[in-house]
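Undergrad: could you work out the structure for the sequence below:
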Amino acid sequence: MKTSLFYYTGTGNSLWTARMLAEEISDAEIIPISNTSGDPIVSGAEAIGMIFPVHIWGLPRRVIAFVDALEQNGSRYYFAVAVNAGQVAATLMQLKKRMQARGLSLFAGFAVECIFTWYWVADLCHNEGIPFVLGHALYMKAIHGGKAKNDKIDSHKIAALLRGGMIPMSYVYPEKMRATRDLMRRRNHLMRKRSGLYAHIQNTNSQYNLPDSFGCLAVPKNRNGIIEQFEHPSVQESITADMEIIRSYDVILSQLEKSIINMAIHHDPVSYALLQTIPGVGKIIALIILYEVENIRRFACVQDFASYSRLVKCAKESNGKKCSSGDSKIGNGHLKWAFSEAASFFANNSDQAKKFLDRSTKKHGKSKALSILAHKLGRAVYFMLKNKEAFNQNKLLNL
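TA: Presented below is the predicted three-dimensional model:
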């Protein structure tokens, strides 16, 4: 199906959006919305998309003139994208009424609250060519929270937010890499379960005040002879159970990691290789960042990426007074963990990074110094993935 994407832009955001859409839509052409002379706008495309910014919570005058000049073809598929950081107010409703007055129809859109069951709805809408909007669950709870709550009330409030352009949108992760991302998250969950078993064995050592330390239990050779160091049979049985489960986890995690690495090489080998150019960042952290980010161009600027990765605090201010930061769960906790770990490994594998961390520690303390380094790494990763460049330590540390 041939598609014509008509865009009107002032700062370039609408043009960028049109280009991104053209990459996803087969047989699509990009056409600027220029000053119309009053002559009908004729297009041989089966579908027409209109991409434009929101001007004072409404349609730009040039877009209104464009709609008024469109040839009347009721069988054509029309859709629109209003670019304004998600706050489109009643702009799309205004466009819909304007088109209805000329006998044209703007296709329907859907809004779904961001819970774990949205995958199949998003895939169905994508396959049928239906616009899909995913609402951010935490933000929506803050906006439409009320005394009574049920499915009927929720549906009405979601529809009202969508119609008014006030629905806080979440990213609709594409189907291509989504299952592998979930598999990676499952791998991390099992890894933490195994770490809990390590901790239980080490704590049992402390409970019975054994003379020798067990060392790092992640190294298989350090697990030899541990059971025999405990005298009581029940304690031995408890540690044996832990060891059996750990061995099972070792096999499962090894298989999962091998499978995910093969998928990463298939999905985005360049980005996967670039992430591993950071000293201390190995296969696992690179995989987490790769699959949690998916497409770095979905972030308009590096500040948005840092905020999404929980690398900056949420600012709260009223009447010139700053309050303590809150909303710590807004953002991606997986990326927060990955960058925190990357900062520690980076400092351990780079002398220059270690010196930077020592200077920051003297000024801010250990915890904040690591957060500063993690923030710097997050910003570096944004530009690495965006510009397809390897890691540059000198630029990061201003050497």
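Undergrad: just the pLDDT for Ile130.
TA: On pLDDT, Ile130 comes in at 77.
Undergrad: what number of residues lie near it?
TA: Burial measure for Ile130: 15 neighbouring residues, criterion other CB atoms under 10 Å. C-beta coordinates here come from the backbone N, C-alpha and C atoms, glycine included.
Undergrad: just Phe339 next, same as before
TA: 27.
Undergrad: for Val83, same thing?
TA: Counted with other CB under 10 Å, Val83 comes out at 20.
Undergrad: surely it touches Pro60?
TA: No. The pair Val83 / Pro60 is not scored as a contact, 10.8 Å apart, by CB atoms under 8 Å.
Undergrad: find residues that contact each of these two.
TA: Residues touching both Val83 and Pro60 by CB atoms under 8 Å, 6 or more residues apart in numbering: Phe52, Pro53.
Undergrad: quick one: average confidence on the helix or strand where Asp242 lies?
TA: Per DSSP states H and E: Asp242 is located in helix 233-267. For helix 233-267, mean pLDDT rounds to 95.
Undergrad: got it, and stretch 390-399?
TA: The pLDDT scores in stretch 390-399 average 88.
Undergrad: could you write out the alpha-carbon coordinates of it in CSV?
TA: Provided in CSV are the C-alpha atoms of stretch 390-399 (Å, rounded to 0.1, in the frame of the first residue of the first chain):
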residue,chain,number,x,y,z
ALA,A,390,33.3,3.4,20.1
PHE,A,391,33.8,4.5,23.7
ASN,A,392,36.2,7.4,24.2
GLN,A,393,37.6,7.5,27.7
ASN,A,394,39.4,10.8,27.2
LYS,A,395,36.2,12.6,26.2
LEU,A,396,34.3,11.1,29.1
LEU,A,397,36.8,12.1,31.8
ASN,A,398,37.8,15.4,30.1
LEU,A,399,41.5,14.3,29.8
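Undergrad: residue boundaries of the helices in the stretch 201-350 of the chain?
TA: For the stretch 201-350 of the chain, the helices defined by DSSP state H, counting those that start in this stretch occupy 233-267, 269-275, 283-293, 302-308, 333-349.
Undergrad: out of the ones you listed, nearest to Asn387?
TA: Among the helices of the stretch 201-350 of the chain, helix 269-275 comes nearest to Asn387, with 9.7 Å by CB to CB.
Undergrad: what does that closest one contact?
TA: The contact list for helix 269-275 (CB under 8 Å, 6+ apart) reads 264-265, 281, 285-287, 289-290, 381, 384-385, 388-391.
Undergrad: and it, which residues are buried?
TA: Of all the residues in helix 269-275, those buried under the rule 16 or more other CB atoms under 10 Å are Ser271, Tyr272, Leu274, Leu275.
Undergrad: just to revisit the earlier point, show me which positions of the helix holding Asp242 end up buried.
TA: Buried residues in helix 233-267 (16+ other CB under 10 Å): 238-239, 242-243, 246, 249, 253, 256-257, 260, 263-264, 267.
Undergrad: which SS class is the residue nearest to Asn73 when sequence neighbours are not counted?
TA: Leaving aside its sequence neighbours, Asn73 sits nearest to Leu104 (CB to CB, 6 or more residues apart in numbering; 7.5 Å). Using DSSP: H, G, I helix; E, B strand; the rest coil, the structure places Leu104 in coil.
Undergrad: how about Leu104, phi and psi?
TA: Phi and psi for Leu104, reported as degrees, to the nearest 10, are phi -110, psi 160.
Undergrad: closest one of the buried residues of helix 269-275 to Leu377?
TA: Nearest to Leu377 among the buried residues of helix 269-275: Leu275, at 10.5 Å, using CB to CB.
Undergrad: and the pLDDT for the closest one?
TA: On pLDDT, Leu275 comes in at 96.
Undergrad: residues in contact with Gln236?
TA: Per CB under 8 Å, 6+ apart, neighbours of Gln236: Ile227, Glu228, Phe230.
Undergrad: what is the nearest of the residues you listed to Ala300?
TA: Nearest member of these to Ala300, counting by CB to CB, is Ile227, at 55.7 Å.
Undergrad: my guess is that closest one contacts Ser238, does it?
TA: No. Counting by CB under 8 Å, Ile227 stays clear of Ser238, with 9.6 Å between them.
Undergrad: what do these two both touch?
TA: With CB under 8 Å, 6+ apart as the test, Ile227 and Ser238 reach no residue in common.
Undergrad: which residues sit against stretch 387-399?
TA: 270-271, 274, 277-279, 350, 352-353, 356, 376-377, 380, 383-384.
Undergrad: any low-confidence regions in the stretch 151-300 of the chain?
TA: Along the stretch 151-300 of the chain, segments meeting pLDDT under 70 span 151.
Undergrad: quick one: buried ones out of the contacts of stretch 387-399?
TA: Here, 16+ other CB under 10 Å leaves Ser271, Leu274, Ile278, Pro279, Ser350, Ala353, Phe356, Lys376, Leu377, Ala380, Phe383, Met384 buried among the contacts of stretch 387-399.
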